[in-house]
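**Q** Build me a model from this:
(4 chains)
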2 protein chains.
Amino acid sequence: MNRNPEAKSYDETISEKGFRFTEQRRAVYDALMGKRDHPTAVEVFMRVKGKVPTISLATVYNCLETLTDCGLVKTVNHDRESARYCPNLAEHAHLFCESCGGVTDIPLRAKRRAHDIWDLPPDVSISHHEISFRGLCPKCAKAAARQTTKCK
Amino acid sequence: MNRNPEAKSYDETISEKGFRFTEQRRAVYDALMGKRDHPTAVEVFMRVKGKVPTISLATVYNCLETLTDCGLVKTVNHDRESARYCPNLAEHAHLFCESCGGVTDIPLRAKRRAHDIWDLPPDVSISHHEISFRGLCPKCAKAAARQTTKCK
DNA sequence: CTAGGTGCAAAAGGTTTGCGGTTAA
DNA sequence: TTAACCGCAAACCTTTTGCACCTAG
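**A** Numbering: from 1, shown residues only, chains lettered A, B, ... in the order given. Down below sits the predicted model:
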């Protein structure tokens, strides 16, 4: 009964699922864990190339898919933009900043269950819900506040 | 002060925004309003071809974009699938059915505001939130219930 | 040894764009 | 009359795939 999903390590998970340990796979995972800013596949590719110069974009995509299948990584889609990848396995939502375009994790300590929050039709069966926010990330919100203060 | 967003008609909106009335635009809009099942651009294309046989897919895309810019239609994205289009302007979420793949509108009569529902960090500014559900649509939920009953 | 993984290049799939001709206003 | 719009085809961008070679187990 492991309550913390991140407690299960990369090594454990990869072994358990019968995948191999490769330099590329590990480098892709490390790139995500190192800077948790929801990079696209191309951004991961650029970061990993520093460590594994021979890696190809296709391999980055393959590794990301494997990691996602393992449950070590989650895919974040926003509108029709490139997919982004997120190693945060705790329950959370994403805030898409309207100012800087960045993606911020919002821990979702829901105070209530879905059916308490909304009047859901009785004849649907909800297995899971996803929330995403638009607005200003902490940095941009602060900048905006400063701006407003100055103008007044 | 118009409380019901759908009260503002196609004609009104198109005029107001300075767009032209074209057969294609109207047919695309009618196709969405006629069967509100969140079709993809290609599905809209196929439906509209019955009425306007000369229409092209590019025009369907252009019309959908115009209608979206007008605020007459909303784009619904799910994972990396084709975009779907929805003329329901009332506040609602989407239920993506894990059984039939269909998309159902879920009226969202929220009982509370975002900050009451979740413990949001104090330093973010939320302008709007989107909720999507996975589960079984009414039809499939009913079928599943029947199945379960039978087995027991 | 061998199934799984990698790198490359080509294909796929969805959407957008450029352009010459057409049409609503 | 003319700017907006249409239809077509080509371009675009992200992601997937086929295949020959490589390597972890």
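
**Q** hang on, residue A:68 is in a helix, isn't it?
**A** Yes - applying DSSP: H, G, I helix; E, B strand; the rest coil, one finds residue A:68 inside a helix.

**Q** Look up how far residue A:21 lies from it.
**A** 17 Å (CB to CB, to the nearest Å). No exception for glycine: its C-beta is placed from N, CA and C like everyone else's.

**Q** Same question for residue A:65.
**A** For residue A:65 relative to residue A:21 (CB to CB), the value is 17 Å.

**Q** cool, residue A:66 as well?
**A** 12 Å.

**Q** Next: residue A:97.
**A** Where residue A:21 is concerned, residue A:97 sits at a distance of 36 Å (CB to CB).

**Q** what do you get for residue A:49?
**A** 20 Å.

**Q** Rounded mean pLDDT for stretch A:122-135, please.
**A** Stretch A:122-135 carries an average pLDDT of 90.

**Q** ignore the last one, stretch A:66-84
**A** Per-residue scores along stretch A:66-84 average to 97.

**Q** got the residues of chain A near DNA strand D?
**A** For chain A, the residues in contact with DNA strand D (CB under 7 Å from any atom of the strand) are A:20-23, A:40-42, A:57-58, A:61-62, A:65, A:82-83.

**Q** same thing but 6 Å
**A** Proximity of chain A to DNA strand D, by CB under 6 Å from any atom of the strand, involves residues A:20, A:21, A:22, A:40, A:41, A:57, A:58, A:61, A:65, A:82, A:83.

**Q** Using ChimeraX, define a selection of the buried residues within the residues you listed.
**A** Remark: buried members of the residues of chain A next to DNA strand D, expressed as a ChimeraX selection using 16 or more other CB atoms under 10 Å in any protein chain shown:
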select /A:40,41,61,83
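
**Q** Among the residues of chain A next to DNA strand D, which ones are in helices?
**A** Counted as lying in helices by DSSP state H, out of those, are A:41, A:57, A:58, A:61, A:65.

**Q** Pretty sure the second one sits against residue A:44.
**A** Looking back up the chat, that one is residue A:57. No - taking CB atoms under 8 Å as the definition, residue A:57 is not a contact partner of residue A:44, at 9.2 Å.

**Q** how is chain A carved up into domains?
**A** As assigned by automatic domain parsing, chain A contains the domains A:10-84, A:91-151.

**Q** Select from the ones you listed the stretch with the lowest mean pLDDT.
**A** Of all the domains of chain A, domain A:91-151 has the smallest average pLDDT, which comes to a mean of 85.

**Q** And the longest strand seen in chain A, how far out from the chain middle?
**A** Ranked by residue count, the top strand of chain A under DSSP state E comes out as strand A:125-136. Put simply, strand A:125-136 sits 14 Å off its chain's centre (CA atoms, centre = their mean, to the nearest Å).

**Q** ok, now stretch A:12-26?
**A** Using CA atoms, centre = their mean, the offset of stretch A:12-26 from its chain centre is 20 Å.

**Q** List of residues touching that stretch?
**A** Stretch A:12-26 has contacts (CB atoms under 8 Å, 6 or more residues apart in numbering or on different chains) with A:10-11, A:48, A:52, A:55, A:59-60, A:63, A:66-67, A:69-72.

**Q** Who wins on neighbours among the residues you listed?
**A** Among those, residue A:60 has the most neighbours (other CB atoms under 10 Å in any protein chain shown), with 27 neighbours.

**Q** does that residue really touch residue A:40, like I thought?
**A** No - counting by CB under 8 Å, residue A:60 stays clear of residue A:40, with 10.0 Å between them.

**Q** For stretch A:132-140, buried residues please.
**A** A:132, A:133, A:134, A:135, A:136, A:137, A:140.

**Q** May I have that stretch exported as CSV, CA atoms only?
**A** Below are the C-alpha coordinates for stretch A:132-140, written out as CSV (Å, rounded to 0.1, in the frame of the first residue of the first chain):
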residue,chain,number,x,y,z
SER,A,132,-7.0,23.0,-15.9
PHE,A,133,-6.8,26.7,-15.1
ARG,A,134,-6.0,29.7,-17.2
GLY,A,135,-4.6,32.8,-15.5
LEU,A,136,-1.4,34.2,-14.2
CYS,A,137,1.4,32.1,-12.7
PRO,A,138,2.8,33.4,-9.4
LYS,A,139,5.6,35.3,-11.2
CYS,A,140,3.3,37.0,-13.7
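
**Q** Outside of it itself, list whatever touches it.
**A** Stretch A:132-140 has contacts (CB under 8 Å, 6+ apart) with A:78, A:93-100, A:102, A:104, A:106, A:141, A:144, B:114, B:121, B:123-130.

**Q** Residue A:115 should be in a strand, yeah?
**A** No - counting by three-state DSSP, residue A:115 falls outside a strand, being helix.
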